[in-house]
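K.L.:
What follows is a predicted protein model with its sequence.
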Amino acid sequence: MTRIMQGRMTHRHEGELVVFHIGMEINRWWRPDLWLPAFVAMPRMLRELTAEADSGMLGYAILFGARGPYVVQYWSSIDKLYDYASSPTQEHRPAWTRFNRMARKAPGAVGIWHETFLVERAESVYVSTKPMGLPKATELVPVTQRHDRARDRYAEGRTAGTAPSHAE
C-alpha cells in the first residue's frame, strides 16, 4: 500500500512541462465490440511509454468519469509527445489507425478527445495524500514557510523551468 505523504508538499520540475489529457467517451455501452478495442489500447501505450526511459512521459493518472476513461499524462517535451503520437513503430499510431477504421463502420459509437497544455507556470499543494499528480510525475518537495500560500508559490516563479532551492 502506498504511504500517505505527511505534511504540506508541492512539486519541483526544471525544463519544459506538458500536460496531456486524453479520454474516451463510450456512447454505446451495450456494444463492447465497438469500444473495447480502444479501451484496451491505452494501457498498452502507457506500459510502452513507462518502459522506455527516454519516452518523455514523466507520469500519468487514470480516471473514470460518467462517459468513460480519462488519462492525465505529464510529458517532458511537446516534441516527444508528438513524436510518440506519429511513430509507426510504437503502439499509438497502429491503435489510432484501428480506431479510425472502426469509427467509419460505426460512427458515433465511441468518441476520443484530447487536450494538450504547454505549462509555463504550475502551482500545487498536497496535504496528507498519497503520491499523485505533478509531484508523482516530477519531484516531491515540502512547502516552505516562504511558500505557504498558493499565491506566493505561483508568484515566486513556480514554473516548469524554475523552482525554489532546498535552502528555503
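P.N.:
Yep, it's here. Numbering: from 1, shown residues only.
K.L.:
Quick one: mean pLDDT for the top helix by length along the chain?
P.N.:
For the chain, the longest helix by residue count, based on DSSP state H, is helix 32-51. For helix 32-51, mean pLDDT is 94.
K.L.:
Buried ones in that helix, by neighbour count?
P.N.:
For helix 32-51, the neighbour count (16 or more other C-beta atoms under 10 Å) marks 34-35, 38, 41-42, 45-46, 49 as buried. Backbone N, C-alpha and C define where each C-beta goes, glycine included.
K.L.:
what's the next secondary structure element after it?
P.N.:
Next helix or strand after helix 32-51 toward the C-terminus (DSSP states H and E): strand 57-64.
K.L.:
so how far is that next one off the chain centroid?
P.N.:
4 Å (C-alpha atoms, centre = their mean, to the nearest Å).
K.L.:
what angle separates that strand from helix 32-51?
P.N.:
Per axes from the mean of the first three to the mean of the last three C-alpha atoms, to 10 degrees, the angle that strand 57-64 makes with helix 32-51 is 150 degrees.
K.L.:
Tell me the buried residues in the helix or strand harbouring Val141?
P.N.:
Val141 is part of strand 139-142 when elements are defined by DSSP H and E. For strand 139-142, a neighbour-count test (16+ other C-beta under 10 Å) marks 140-141 as buried.
K.L.:
per-residue pLDDT, the most centrally placed residue in the chain?
P.N.:
The centre of the chain sits closest to Gln73, judged by C-alpha atoms, centre = their mean, with a distance of 1.2 Å. The model reports Gln73 with a pLDDT of 98.
K.L.:
which residues in this protein form strands?
P.N.:
Under the criterion DSSP state E, strands of the chain are mapped to 8-12, 18-26, 57-64, 69-75, 110-118, 126-127, 139-142.
K.L.:
Please report the distance of the residue nearest to the centre of the chain from Ala122.
P.N.:
Distance, Gln73 to Ala122, by C-beta to C-beta, to the nearest Å: 14 Å.
K.L.:
ditto for Gly7
P.N.:
20 Å.
K.L.:
Okay, and the beta partners of Ile62?
P.N.:
Val71 (DSSP bridges).
K.L.:
show me the contacts for it.
P.N.:
By C-beta atoms under 8 Å, 6 or more residues apart in numbering, the contact list for Ile62 reads 42, 46, 69-71.
K.L.:
before we move on, the earlier item: the more surrounded of Gly7 and Ala122?
P.N.:
Between Gly7 and Ala122, Ala122 has the larger neighbour count (other C-beta atoms under 10 Å), namely 20 against 9.
K.L.:
List phi and psi for that one.
P.N.:
With angles defined as degrees, to the nearest 10, Ala122 sits at phi -150, psi 130.
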